[in-house]
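Q: After the sequence you'll find the predicted model.
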Amino acid sequence: MKTLDKLKIGESGVIKELTKKGLSLKLIEMGCLPGEKITLTKIAPLGDPIAIEISGYELSLRKDEASSVVLED
C-alpha cells in the first residue's frame with residue numbers, strides 16, 4: 001500500500017482512498033478526492049510539512065495527514 005507521505009519530490013499518484021475517518025472530510029473539502037492526480041512538489045527542510053499540487057493549486061499537508069492518503073498501485 002503506497003501512501004502520499006512516501007512520494008519523493010516530482011513523483012505523482014492517483015488517490016485511491018482516504019483511511020482516517022476524522023481527517024477524510026477535511027481532505028475532501030480541500031480537494032483530495034479519490035481519482036484525483038496529485039504531485040509532490042516540496043518537502044520542508046525537516047521533512048514536515050509537504051506541499052502537493054492537486055486540481056491546479058498547491059496544498060500543504062502534515063506528514064501524518066499525508067499518510068492517510070492511499071495511492072493507486
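A: Okay, I see it. Numbers count the residues shown, from 1 in each chain.

Q: Only C-alpha atoms from now on, for both contacts and neighbour counts.
A: Will do.

Q: Going by neighbour count, which residues of the longest helix anywhere in the chain are buried?
A: Ordering each helix of the chain by length in residues (DSSP state H) puts helix 21-29 first. Buried positions in helix 21-29, judged by neighbour count with 16 or more other CA atoms under 10 Å: 24, 27.

Q: okay, it in CSV with CA atoms only?
A: Presented in CSV, the C-alpha positions along helix 21-29 are these (Å, rounded to 0.1, in the frame of the first residue of the first chain):
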residue,chain,number,x,y,z
LYS,A,21,-12.3,9.0,9.1
GLY,A,22,-11.9,12.2,11.1
LEU,A,23,-9.4,13.6,8.7
SER,A,24,-11.1,12.4,5.5
LEU,A,25,-13.8,15.1,5.5
LYS,A,26,-11.1,17.8,5.9
LEU,A,27,-9.0,16.4,3.0
ILE,A,28,-12.1,16.0,0.8
GLU,A,29,-13.0,19.7,1.4
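
Q: outside of that helix, which residues touch it?
A: Helix 21-29 has contacts (CA atoms under 8 Å, 6 or more residues apart in numbering) with 18, 33, 65.

Q: Quick check: next helix or strand after that helix?
A: strand 37-43 (DSSP states H and E).

Q: got the angle between the very next helix or strand once past that next one and strand 37-43?
A: As assigned by DSSP H and E, the chain's next helix or strand after strand 37-43 is strand 50-54. Counting by axes from the mean of the first three to the mean of the last three CA atoms, to 10 degrees, strand 50-54 lies at 150 degrees to strand 37-43.

Q: helices and strands of the chain: which one bottoms out on pLDDT?
A: helix 21-29 (a mean of 85; mean pLDDT, DSSP states H and E).

Q: Next, the contact list for Glu53, please.
A: Glu53 neighbours (CA under 8 Å, 6+ apart): 38-41, 59.

Q: quick revisit: show me how far the longest helix of the chain is from its chain's centre.
A: Helix 21-29 sits 12 Å away from the centroid of its parent chain (CA atoms, centre = their mean, to the nearest Å).
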